[in-house]
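In: the following comprises the amino acid sequence and a computationally predicted model.
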Amino acid sequence: MRLATERRGDILLIALKGKIMGGPESAQFHEQLKQAIARGERKVVLDLGGVEWMNSSGLGLLISGFTTLRNAGGEMKLAHSTDKIQSLLVITKLNTVFESHDTVEAAVKSF
Amino acid sequence: MNHTPDFGGIAERLAELGHLAHETADSLQRDQISTEQLKLLLEVSRETLRGAVVLDLLREADHKRQENETFLRIGTKLSSMLNLDELLRTIIESLRQVVDYGAAGIFLINRETNQIEADFLLGYEKSDRQQLQRKFKDGVPIGEGIVGWVIQHSAPVVVPDVLQDKRYIWARDATRSEIAVPIIAGREIIGCLNLESNELGGFTEKDIEPLQTFASLVSVALERARFHRESIAKKRLEEELSIARRIQLSFLPTTMPQFEPYDLGGLNFPTLEVGGDYYDFIPITETDLGVAIGDVAGKGVGAAILMASFRASLRLESRSNYAISIILQKVNRFLCESNPPEQFVTAFYGVIDRRHHILTYSNAGHNPPFLVRNSQVIPLDTGGLLLGSFSDAEYEEARVHLYPGDIMIFYTDGVTEARNEQEEEFGVRRLLDLVQTYRDLGAMDMVRRISREVQHFESDAFTQDDLTISIVKVR
């Protein structure tokens, strides 16, 4: 898993790339998110366009990111989910909780 | 050892005699001695000197033999000792028989901090040792001090006068000279063996070689101790896992309940010792049978614990008279209270009423089981969110009529996401085709055949998820 951040106005864009398998490597993601929240960030878009593969622990990473932000009064939206991720979200019904957009631009605009 | 002849002393005496014979031969007048006598005298001189050289070599050899004997003794001792401190003490104390010293220390690189730490000290006064340990408490950077220099350059060093050496960091009042060699494990430098002497020029270049041999003994001792530690930890973990596995196996049905006219079958293949898959048939009343399948995120002991709480809570709630949607809601709340949100379970739970042949179910984010009726395939996907992440989740339930010939297949994503060498997924299509292929077999045989086909399809390179299949056939 690789991680890149970028800002778009008052929105923090986090791009995840590679294989998202949760576990120890999700620590980096959580650390970034925690720091962002401490800095006052409340609007996050997670760009999943570069994700090659995601397992159930990877989904766990999305869930904890989402709840961490929501507990801080913020919001995390997904952008650019691959078909595979989209079908995982449908099966687990996470699509009823996560707001998901086709493009990063659409996700940014939706705030 | 005490019976070894004094080769050095004899050699010196012989050399003296040889030179004396030569001088005598030189000083004698030609007419005072015959040519034969002169030749003889010169030969005596030459042989005596040669004898001296041979004895010198013998002395060297004897020294080596003593060293080797010391090494051998230590080697034998090492193989019978497992306590690392005891091992290092033996090595460092035996070292004194080969290279004398005032104090000795083993310094190792901490791979996490990349700093040098004092791991073993001998011969330091209590106050010196405390001082030294304080200095090395947070580690000393590689490159600092004589020890640091040796580690950085991976080269031995002899310091005849520490006060004249800028690299020297004070550690002990009495120290006047020092020698240090790197400790190497495989190709990697892991630390430094350092000796201090109370005399100026206490060590020479000659001491480097035996010291390096001792440094390699230290390296072997450390390696052995690490191996021993890891194998104990590994054994303990294996034991724990096998206990966890036994507990978990006891959670899975060993025999299928009799529930005529329904034919039941199920199998679970965990990838690690302990997996996160679960399936169950829960007899509720004479006429009602609970059918469950679940997949816990993650693997190993953590997943097994979550699975155990899920099972306990589901089994408890399934015996209540609540609607299935409420049962899942309660299980979800329970899991949310006891686990962080990233640990979740996807699960399907349904109850078959054999009086009316009705399945009532709710699907909490699990891969939809399929009801196969002739060529028709009905996904059982009514329900709600996966369990354990969102405490306010609500669940819908659905009712399905069952008819003779109907087949229901329940599975975890280890089945549909199994990948072959071309990285193709097994997928739902292949699974449903196999249900049609084996539809005339009994439920348990169908489960066996289908899981064998999945395992056959799956490339070893990708085996990474548990695999669980259960089947209910209506006769």
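Out: Yes, it's here.
In: so whatever residue of the stretch 51-200 of chain B ends up closest to chain A, which of the three states?
Out: Proximity of the stretch 51-200 of chain B to chain A (C-beta to the nearest C-beta) peaks at B:Glu112, 15.0 Å away. For the C-beta atoms, the positions are set from N, CA and C on the backbone; glycine is no exception. B:Glu112 falls in the coil class when you classify it by DSSP: H, G, I helix; E, B strand; the rest coil.
In: and the most centrally placed residue in chain A, what pLDDT?
Out: With distances taken as C-alpha atoms, centre = their mean, A:Leu46 lies nearest the centre of chain A, 3.4 Å away. On pLDDT, A:Leu46 comes in at 96.
In: what bridges to it?
Out: Note on A:Leu46: beta-bridge partners by DSSP bridges are A:Ile14, A:Leu78.
In: quick one, what contacts it?
Out: A:Ile14, A:Leu16, A:Leu62, A:Gly65, A:Met76, A:Lys77, A:Leu78, A:Ala79 (C-beta atoms under 8 Å, 6 or more residues apart in numbering or on different chains).
In: likewise for B:Leu132?
Out: B:Leu132 neighbours (C-beta under 8 Å, 6+ apart): B:Gly105, B:Ala118, B:Leu121, B:Tyr124, B:Ala171, B:Arg172.
In: not counting its neighbours along the chain, what's nearest the last one?
Out: So the one you mean is B:Arg172. Of all residues beyond its chain neighbours, the one nearest B:Arg172 is B:Asp128 (4.5 Å), with distances taken as C-beta to C-beta, 6 or more residues apart in numbering or on different chains.
In: how many residues are close by B:His19?
Out: By other C-beta atoms under 10 Å in any protein chain shown, 14 other residues sit near B:His19.
In: repeat for B:Ile326
Out: Per other C-beta under 10 Å, the neighbour tally for B:Ile326 reads 16.
In: kindly report the same for B:Val53.
Out: Neighbours of B:Val53 under the rule other C-beta under 10 Å: 13.
In: residues from the stretch 201-350 of chain B in reach of chain A?
Out: The stretch 201-350 of chain B has residues B:Asp295, B:Ala297, B:Gly298, B:Pro340, B:Pro341, B:Glu342, B:Gln343, B:Phe344, B:Thr346 near chain A, with proximity defined as C-beta under 8 Å from any C-beta of the partner chain.
In: farthest pair in those?
Out: Pairwise distances across those peak at 17.6 Å for B:Asp295 and B:Pro340 (criterion: C-beta to C-beta).
In: which SS state does B:Ile179 fall under?
Out: strand.
In: could you say what helices and strands whichever strand or helix holds B:Val150 packs with?
Out: According to DSSP states H and E, B:Val150 maps onto helix B:145-153. If contacts are counted by 3 or more C-beta pairs under 8 Å, 6 or more residues apart in numbering or on different chains; DSSP states H and E, helix B:145-153 sits against strand B:103-110, strand B:115-122, strand B:140-141, strand B:157-159, strand B:177-185, strand B:188-197.
In: which outside residues touch the fourth one?
Out: Strand B:157-159 is contacted by residues B:146, B:149-150, B:165, B:167-168, B:177-180, B:203-205, B:207-208 when judged by C-beta under 8 Å, 6+ apart.
In: are any of these buried, and which?
Out: Buried subset of the contacts of strand B:157-159 (neighbour count, 16 or more other C-beta atoms under 10 Å in any protein chain shown): B:Ile146, B:Trp149, B:Val150, B:Arg167, B:Tyr168, B:Ser177, B:Glu178, B:Ile179, B:Ala180, B:Phe203, B:Asp207, B:Ile208.
In: what sits against residue 98?
Out: Using chain A. For A:Phe98, the contacting residues are A:Leu62, A:Phe66, A:Met76, A:Lys77, A:Leu78, A:Leu89, by C-beta under 8 Å, 6+ apart.
In: meant chain B actually
Out: By C-beta under 8 Å, 6+ apart, the contact list for B:Val98 reads B:Gln66, B:Glu67, B:Thr70, B:Pro210, B:Phe214.
In: go again with 7 Å.
Out: Contacts of B:Val98 were listed using C-beta atoms under 7 Å, 6 or more residues apart in numbering or on different chains, and they are B:Glu67, B:Thr70, B:Pro210.
In: how far away is the residue lying closest to it once chain neighbours are set aside from B:Val99?
Out: Sequence neighbours aside, B:Pro210 is the residue nearest to B:Val98 in space, at 4.7 Å (criterion: C-beta to C-beta, 6+ apart). Per C-beta to C-beta, to the nearest Å, B:Pro210 is found 6 Å from B:Val99.
In: nearest residue to B:Thr24 other than its sequence neighbours?
Out: Of all residues not flanking B:Thr24 in the chain, B:Leu41 sits nearest, at 6.4 Å (C-beta to C-beta, 6+ apart).
In: distance of the one you found from B:Glu16?
Out: According to C-beta to C-beta, B:Leu41 and B:Glu16 sit 15 Å apart.
In: the more surrounded of the two?
Out: Set B:Leu41 next to B:Glu16 and count neighbours by other C-beta under 10 Å: B:Leu41 wins out with 17 against 13.
In: my guess is the more buried one is in a helix, correct?
Out: Yes - using three-state DSSP, the secondary structure at B:Leu41 is a helix.
In: surely it meets B:Asp26?
Out: No - contact criterion C-beta atoms under 7 Å: B:Leu41 and B:Asp26 do not qualify, at 9.7 Å.
In: elements contacting the helix or strand that contains B:Leu264?
Out: Per DSSP H and E: B:Leu264 is located in strand B:262-269. The elements that strand B:262-269 packs onto, with contact taken as 3 or more C-beta pairs under 7 Å, 6 or more residues apart in numbering or on different chains; DSSP states H and E, are strand B:277-283, helix B:443-457, strand B:467-474.
In: who touches it?
Out: With C-beta under 7 Å, 6+ apart as the test, strand B:262-269 has contacts from B:252-253, B:256-257, B:277, B:279, B:281, B:352, B:354, B:442-444, B:446-448, B:451, B:466-475.
In: skipping its backbone neighbours, what lies nearest B:Tyr322 in space?
Out: B:Lys330 is the one closest to B:Tyr322 (C-beta to C-beta, 6+ apart), at 7.2 Å.
In: still on that earlier bit, which residues sit in contact with the residue nearest to B:Thr24?
Out: B:Leu41 sits next to B:Ala21, B:Thr24, B:Ala25 when contact means C-beta under 7 Å, 6+ apart.
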